[in-house]
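Q: Provide a 3D model corresponding to the input given below.
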Amino acid sequence: MTRELNDMIKTFALVLDPDGIQDELGRPVGRPVVVHTSAEQSVLKSNLGPGYSSLPIGPYILHHGNGPFEEEANRYAQQLWAGLAGGGRAPFFRGSVFVTGRRRADGTYQDLGRDEITRLSDLADSTKWIHPVGPVVSAAQSRGLRREQCDALAVHRDRASGVWAFVVCDGIGDDEEVAGFVRHFAPLLARSAASTGSPGDAIRLGRDAVPGWMASTDSWVAGTTAVVVTWHPTWTGLRVGWAGDSRAYAISPTGLGELLTTDHNLAQRKRSRNQPVGPNDHHNLLADLRYGEIGERTVSRGRVDRILLCSDGAYQPLEEAGGRLAGGFGAYPATVLDLYPAKSAAGALVSDAVERARVASLRVYGEEHADNATALVVALPKP
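A: Below is the predicted model of the structure:
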């Protein structure tokens, strides 16, 4: 393309795909059709979905979709954000991300100049990731048929310790206060766990911080479950901590799945005592972030190829259908956690769980229901 032709094209957006492919959406100058606000928003909606989010940073805005939840993590967009921010923790992006200039007063977006395109492209692609020996992370969430998304997840690497921390929380309830609670405490737990290296200590620190959060927000919430895993490339084991019934699984190099946590709920207590389990006993929690037992264990690194952290909305529908996520029986991990690429596994699991819950509730109760579902799959680099 000649420099003269280049100068005739105004770039509306730089598109970053999860596989690293970059594209530009341009507007030829001098065309009789004027691009209005509705046209630009139509482009974003058609590519990202009507519920897309827009995050401003400096002179730019990163637009990303909130679904479909099977789309993979976009580490190129995260790398770009970290570059623009000068480091620090980047938001979690999934699927294609559209980078535009800031919005004008009339609602349209400022065009991106050629030098800006080059800089943005370099920031997204040239450094081979902030952590080149880090794990491959796949995360997915679905609101199901609830009013609010009261699950949360977080991933953090502490620069000083080099420890990675992975967190899934499942808030108790279905309102905005619970959603705000888990969005606050999931990243807090991840930062604490990565700093201390101890998932159990992170949960204890989080427990100590709950009263202050409630006082500062003038809120009261029942709490949230939490499962936390920490890993360092030089450790011989992974450390696991949990409170409640969110779970962690390990998938071995041969594809064998192992449940690493023990549910803190009435259903598990009855099972351990060989007592009959009622249909709602798994909803009766005996521990969460606010109170009760904190489970802790370490699992040998040699036994782990991938780890899965998930809320009960991701595993319960499968178990109610007679399957299980680990142990060599049922549909998993043979078809999702083992055979699916790491970048797609979380989305496949969540999608399947929500559909199973919807169909089962319609059959049993005559109406559709599906809980929030969250899955975080981490493929560790080879030892």
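Q: biggest helix in this protein, by residue count?
A: Longest helix in the chain by number of residues (criterion: DSSP state H): helix 342-365.
Q: Which strands or helices does that one pack on?
A: Judged by 3 or more Cβ pairs under 8 Å, 6 or more residues apart in numbering; DSSP states H and E, the packing partners of helix 342-365 are strand 136-142, strand 306-310, helix 312-320, strand 373-379. All C-beta atoms are positioned from the backbone trio N, CA, C, and that covers glycine.
Q: pretty sure Val168 is touching Asp312, no?
A: No - applying Cβ atoms under 8 Å as the test, Val168 and Asp312 come out as separate, 10.4 Å apart.
Q: any weak-confidence spans in the stretch 51-200 of the chain?
A: Scanning the stretch 51-200 of the chain with the threshold set as pLDDT under 70 gives 66-71, 86-89, 125-133.
Q: One more pass at 50, please.
A: 69-70, 126-132 (pLDDT under 50).
Q: show me the contacts for the residue most central in space within the chain.
A: For the chain, the residue nearest the mean C-alpha position is Ala139 (3.9 Å; Cα atoms, centre = their mean). Contact analysis of Ala139 by Cβ atoms under 8 Å, 6 or more residues apart in numbering lists 73, 92, 94, 153, 155, 346, 374-377.
Q: same thing but at 7 Å, please
A: Ala139 is in contact with 73, 92, 153, 346, 376, counting by Cβ atoms under 7 Å, 6 or more residues apart in numbering.
Q: From Phe181, how far off is the second one?
A: What it means is Phe92. Look at Phe92 and Phe181: by Cβ to Cβ, to the nearest Å, they are 18 Å apart.
Q: one step back: and the contacts of Ala139, which of them are buried?
A: Among the contacts of Ala139, the ones that count as buried by 16 or more other Cβ atoms under 10 Å are 73, 92, 153, 346, 376.
Q: Model confidence score at the last one, please.
A: Here the pLDDT value assigned to Leu376 is 91.
Q: Could you find the closest non-adjacent residue to it?
A: Counting by Cβ to Cβ, 6 or more residues apart in numbering, Leu376 lies nearest to Leu309, which is 4.4 Å off, once chain neighbours are set aside.
Q: pretty sure that neighbour contacts Cys169?
A: No - Leu309 is beyond contact range of Cys169, at 9.8 Å (criterion: Cβ atoms under 7 Å).
Q: So which of those two has more stuff around it?
A: Neighbour tally, Leu309 and Cys169, criterion other Cβ atoms under 10 Å: the higher count belongs to Cys169, 34 against 30.
Q: Give the buried residues for the one helix or strand Ile61 maps to.
A: Using DSSP states H and E, Ile61 sits in strand 60-64. Going by neighbour count (16+ other Cβ under 10 Å), the buried part of strand 60-64 is 60-64.
Q: Need the residues touching each of Val168 and Asp312.
A: Ser246.
Q: which residues of the chain fall in helices?
A: Remark: helices assigned in the chain by DSSP H are 3-7, 37-48, 75-85, 114-125, 176-196, 199-217, 266-272, 312-320, 342-365.
Q: got TSV for the ones you listed, with distance to Gly144 too?
A: Putting the helices of the chain into TSV (distance: least, Cβ to Cβ, whole Å) gives the following:
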stretch	distance to Gly144
helix 3-7	47
helix 37-48	21
helix 75-85	26
helix 114-125	33
helix 176-196	13
helix 199-217	25
helix 266-272	20
helix 312-320	6
helix 342-365	5
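Q: just so I know, which of those helices lies nearest Thr100?
A: Smallest distance to Thr100 across the helices of the chain (Cβ to Cβ): 8.1 Å, for helix 37-48.
Q: which secondary structure elements does the closest one contact?
A: Judged by 3 or more Cβ pairs under 7 Å, 6 or more residues apart in numbering; DSSP states H and E, helix 37-48 is in contact with strand 60-64, strand 97-101.
Q: Give me the contacts around it.
A: 12, 25, 52, 63-65, 96, 98, 106-109.
Q: Same question for stretch 354-361.
A: For stretch 354-361, the surrounding residues in contact (Cβ under 7 Å, 6+ apart) are 142, 144-145, 317-318, 320-321, 367-371, 373.
Q: Pick out the one among those residues with the largest number of neighbours.
A: Ranking these using other Cβ under 10 Å puts Ala373 first, with 32 neighbours.
Q: In space, what's closest to that one - neighbours in sequence excluded?
A: Gly313 (3.7 Å).
Q: coming back round to it: for the closest residue to the residue nearest to the centre of the chain other than its chain neighbours, give its distance to Gln110.
A: Leaving aside its sequence neighbours, Ala139 sits nearest to Leu376 (Cβ to Cβ, 6+ apart; 4.8 Å). Distance of Leu376 to Gln110, given as Cβ to Cβ: 36 Å.
Q: Repeat that for Glu368.
A: Separation of Glu368 from Gln110 (Cβ to Cβ): 43 Å.
Q: ok, now Ser198?
A: From Ser198 across to Gln110, the span is 47 Å (Cβ to Cβ).
Q: just checking, Val277 touches Ala267?
A: Yes - assessed by Cβ under 7 Å, Val277 is found in contact with Ala267 at 4.9 Å.
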